[in-house]
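**Q** Dropping the sequence and predicted coords here.
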2 protein chains.
Amino acid sequence: MDWKNKLRNAGYRITDAREQMMDLLINTQTALSPMQIHKALAEQGSQMGLVSVYRNLAVLQENDLVCMVFAPDGSAAYTAGGIGHHHHVLCQRCLNSASFEGCEGFADLIQEIEAQTQFKVQGHLLQFYGLCSECQKNEIHV
Amino acid sequence: MDWKNKLRNAGYRITDAREQMMDLLINTQTALSPMQIHKALAEQGSQMGLVSVYRNLAVLQENDLVCMVFAPDGSAAYTAGGIGHHHHVLCQRCLNSASFEGCEGFADLIQEIEAQTQFKVQGHLLQFYGLCSECQKNEIHV
DNA sequence: ATGCTTATTGAAAAATATTATCAATAAGGA
DNA sequence: TCCTTATTGATAATATTTTTCAATAAGCAT
């Protein structure tokens, strides 16, 4: 199911603002801050206000159409890749974002944590940071 | 080495503000926001300004005396537990924080990610969320 | 196509969170 | 005890996110 039907089925409307945002996020490799999204759309001629960017990010995120990731500096950035349960690798240099599945290996770790801490584990936050292939090339010449 | 010497050796001074903050963070099970720290210290009679809380959190964090964690809502909170490379489990209900070591199991996962994404992985962000033992008890009566 | 209902938008303002400035104070070595 | 300089508090400046509200537009029913 494409994102439009997903939104429609959830009772949301398909607006220009949402189309522009989805197009941008889908076609951008790097994770973008709300401000960057706003700026990029403005440069494309969009009149959309920053407020709508925030509001729609919330809607899109709620419907699993975009993910929030933490940039290396701790700030929030958004990206459209990835379906189902997955995680992200972010390039520390250019914020290029890739997704991957597989945190099954956690089962053992979670058991150990629960034994050690007496917590009941219910969820996790996992991201990797590194260098994308492009930035690795440039890194050589440092 | 206790935290005072650690700071001293790094060229920082031991001030009332820093002592109050360390005492508070060491004796508090839950992760605290800058605001909560400021409020708690004010209630103890401290005159410390919120600005100093922020500044000293930065200093203490830089010296690995406190850790920043992400609360379930994405906001930053601080806790003093844990030495060396470690991670945290946070209670979603009360923000109780426990630390654990062991992300060795990541070696395989990282190799897989690097193969899949062409990234060179250099670091990671990992936290678990769940219920602490106290909150599990209360959960039963929901 | 047309009208109606209501979600959505933009603009401005409010609320929050964080950082910078600078004179006054205090830590800690001489 | 003095001196140097990191640290502090108060204020202001930035940055970030949310709220409010009238105007607009999406999409269903006609």
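**A** Here it is on my side, so go on. This is a predicted model, so every value here is computed, not measured. Numbering: from 1, shown residues only, chains lettered A, B, ... in the order given.
**Q** What strand or helix carries A:Thr28?
**A** Here A:Thr28 is covered by no helix or strand, with elements defined by DSSP states H and E.
**Q** what about it, how many neighbours?
**A** 19 (other CB atoms under 10 Å in any protein chain shown). Any C-beta I mention is one placed from the backbone N, CA and C, and that applies to glycine too.
**Q** again with A:Glu114
**A** 16.
**Q** ranges for the strands of chain A?
**A** A:67-70, A:76-79, A:87-91, A:97-100, A:120-131 (DSSP state E).
**Q** and the first one, what does it pack onto?
**A** If you count contacts as 3 or more CB pairs under 8 Å, 6 or more residues apart in numbering or on different chains; DSSP states H and E, strand A:67-70 packs onto helix A:50-62, strand A:76-79, strand A:87-91.
**Q** contacting residues around A:Glu43?
**A** Applying CB atoms under 8 Å, 6 or more residues apart in numbering or on different chains to A:Glu43 gives no contacts.
**Q** Apologies, that question was intended for A:His86.
**A** For A:His86, counting by CB under 8 Å, 6+ apart, the contacting residues are A:99-101.
**Q** And the residues you listed, which of them are buried?
**A** A:99-100 (16 or more other CB atoms under 10 Å in any protein chain shown).
**Q** Now narrow the contacts of A:His86 to whatever sits close to chain B.
**A** The subset of the contacts of A:His86 within reach of chain B, by CB under 8 Å from any CB of the partner chain, is A:Phe100.
**Q** Turn the contacts of A:His86 into TSV, columns for distance to DNA strand D and pLDDT.
**A** Formatted as TSV, these follow (distance: CB to the nearest atom of the strand, whole Å; pLDDT from 0 to 100):
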residue	distance to DNA strand D	pLDDT
A:Ser99	21	96
A:Phe100	25	93
A:Glu101	27	90
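**Q** Can you tell me which of the contacts of A:His86 lies closest to A:His38?
**A** Comparing the contacts of A:His86 against A:His38 with CB to CB places A:Ser99 closest, at 23.7 Å.
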